[in-house]
Structures are given as structure tokens and as C-alpha cells.
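Asker: here is my input, please return the structure:
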Amino acid sequence: MSFTIFCGPKRLLLIFLFSALGFAGFAQEKPTDKDTTVAVPDSLIFWKKGGKLNVTVQQVGLTNWAAGGESSVAVGGGLEGFINYEEGTVVWENKAQIGYGVIRNGGGGNRFEKTDDAVVLSSKYSQKFSEKVLMTSAVNFRTQMDRGYKIEKISGTSDTRRTLISDFMAPGYLQASLGLTFRDSKKGYTATLAPFTGRFTFVLNDSLSEAGAFGITPNDKIRSEAGISLRGGVQKDIMENVKFQANFNLFSNYEKFPNTVVNVEAVLNLKVNDFIQSNISTQLIYDDDVIITRSDGSQGRDLQIKNVINVGFVLGF
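Answerer: Presented below is the predicted three-dimensional model:
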């Protein structure tokens, strides 16, 4: 079972934007004017919003260091925000995440290479059957901001070459789904099973498109799939100032079922004080349609793993 969209990427993005605006118009209700001298109970606050900005910097300087090694400079940062609405039987959740980081090994003549680059936007609109069971329609979008390169050694020499392997909207992923959500606010978990899911893969860079990167047909810009998805997450306070958070997204194309695209991320947040925090994160991705060039030069399907340890300044709002 499959379906194809007969429109260009610009029109598709316009449809996505108008759909999001439609959700906003359906879910939002204007609060009545209140006397500002009277405190509003939490039960009457329908909108909840927040976010955080984090910045991390690392510098290693080595001069005549007998043990060897290289000097390095690394800079990274991230911005996260959410805005949620809940009143009566209506629940609308929106989240945005942007992260970027670079590192330079060696002297000032060397390039800064990318270590992190992600843009993730999600919107989920639900109607309650009960406090724990909801009918949900959701949209999730993921891409990156900058070009990504594979650094490879040239055989027989000490030189290296940089091969372009990704770019803005190459890849880009848009997933739209309709299904049932099961949640337990007290235990901190949620899961959405969506038997009606459309997944769109964008490769808008011409050279990557011609090469058929990320599972698309060579020279195509968009690949569409129909399948079933399972998305969810869990949040737990392990102890004071220590919080664990995990999110997962599983998608299986009906034509290739049970082959599954897996994206799992786990984060351990350690709070020192209101302005200094540390987090340890691991992300695992497996996509049967993505061919990986391994460090030894071989190619094939493989598990993608990213491990990050950050300590830095955090501003919450």
C-alpha cells in the first residue's frame, strides 16, 4: 500500500503551515477579561509555555605536551521551547528544538567541523475520550541547518578529503499521523499508536538527489510512504536535580512491513543550580533505506549512534 503526493515541496510546506494554523484556530479560545488584582487558579490557566537556552564551550590548549594530543576548540548550543493548551476535551501540544555545535582540532588554520545540527518541530492535537485515552492527529518535522561532510583519508597518502553527505532539507522528514494516544500524567509516560501515518523524505540538494541519497529514487526530490507509527516518551525524576527523559519514534512502511525505521533518544539531565546544568544524551537511529559509509570506507546499512556529554550555561524561561 502506498500513496504519492502530486505537488512540489513548496506547496507541500504551505499545506503543512496552513494545517498548523487550522489547528491553532480550532484549539484556541480567547480568555475573558479578568480583574488583574485577582490571582487566577492553575485550573483556569489553559496555556502553558516555557523553554531553555543552553551554551557550552570547551577549549584545550597543548604546548610541548609530552603525552601528545591536539589543541581544540568546541562551541555548541541549543534552544528548546514548548507551548501547550488544554481545556475540557481539547489538548494541543507544540514543541520546537534547535541545536548546533562545531569543533576545531589543531591550529587556527584548520576548519571547524560540525558536531551537532538539528531542527525539530512538532505539533499534536488531541480530543479526549478520557484522561488517559485520546484521539490524536500529529505532525513532526525534522531537518538540519548546515551542510554535513564525511572526512576521509585518501588511500596511500596522509591527506584527507571532505565529501558532502547532507544539507538543509537533505534530508528533511515530515511525518503526519492519526491514531490513539495513551498517557499517564502521574507516571510521566505517553505513547501514540497511529495506523494512518504518512512519511515524506525530502532531498532538495541537487547532487545528493542525483545520487539517490536517503532512500529516494535518483533525481527525485521527495519520497512518500504510508505506514504505521508508534511515538512516545517518558519523563522521570530519579532523585533531586536528576531527571531522565526518553523519546522514541518507530515507523514501518506497509509495503516493507515489518521493517522499521527506529529513532530513540535518551537524556539524563543533571542540575547544578538554576544556571549551570549538565546532560548526557544518546541517540540511536536505524533506517533500512539509508546507506552508511563507515570509518573503514565500507558501505551498508548500519546503526547510527550519537553520544553527547554537555556541561554549560542554561537559561530557563
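Asker: tell me where the stretch 1-150 of the chain has strands.
Answerer: Ranges of strands within the stretch 1-150 of the chain are 47-60, 72-87, 90-105, 113-128, 133-143, 148-153, based on DSSP state E, counting those that start in this stretch.
Asker: list the buried residues in the second one.
Answerer: What that stands for is strand 72-87. Using 16 or more other CB atoms under 10 Å as the test for burial, strand 72-87 gives 73-78, 80, 85-86. Glycine gets a C-beta too; all of them are placed from N, C-alpha and C.
Asker: could you give the bridge partners of the closest residue to Gly99 other than its chain neighbours?
Answerer: Among residues not flanking Gly99 along the chain, Gly78 sits closest, at 4.0 Å (CB to CB, 6 or more residues apart in numbering). On the basis of DSSP bridges, Gly78 is bridged to Asn54, Gly99.
Asker: contacting residues for Gly78?
Answerer: Residues near Gly78 by CB atoms under 8 Å, 6 or more residues apart in numbering: 53-54, 97-100, 116.
Asker: mark which of those residues are buried, thanks.
Answerer: With neighbours counted by 16+ other CB under 10 Å, these contain buried members at 54, 97-100, 116.
Asker: closest one of those residues to Lys221?
Answerer: Within the buried ones among the contacts of Gly78, the smallest distance to Lys221 is 23.9 Å, found for Ile98 (CB to CB).
Asker: what sits closest to the residue nearest the centre of the chain if chain neighbours are left out?
Answerer: Central residue of the chain (CA atoms, centre = their mean): Val120, 4.1 Å from the mean position. Computed as CB to CB, 6+ apart, the closest residue to Val120 that is not its neighbour in sequence is Gln97, at 4.3 Å.
Asker: for Asn247, see how far away that neighbour is.
Answerer: Gln97 sits 10 Å away from Asn247, taking CB to CB, to the nearest Å as the criterion.
Asker: which residue sits closest to Leu268, ignoring its sequence neighbours?
Answerer: Spatial nearest neighbour of Leu268, excluding adjacent residues (CB to CB, 6+ apart): Ile280 at 4.6 Å.
Asker: secondary structure element for the one you found?
Answerer: Assigned by DSSP states H and E, Ile280 falls within strand 276-286.
Asker: now swap in Ser252 and tell me
Answerer: Taking DSSP H and E as the criterion, Ser252 maps to strand 242-253.
Asker: partners of that strand in the sheet?
Answerer: Applying DSSP bridges, one finds strand 242-253 paired with strand 222-239 (antiparallel), strand 261-271 (antiparallel).
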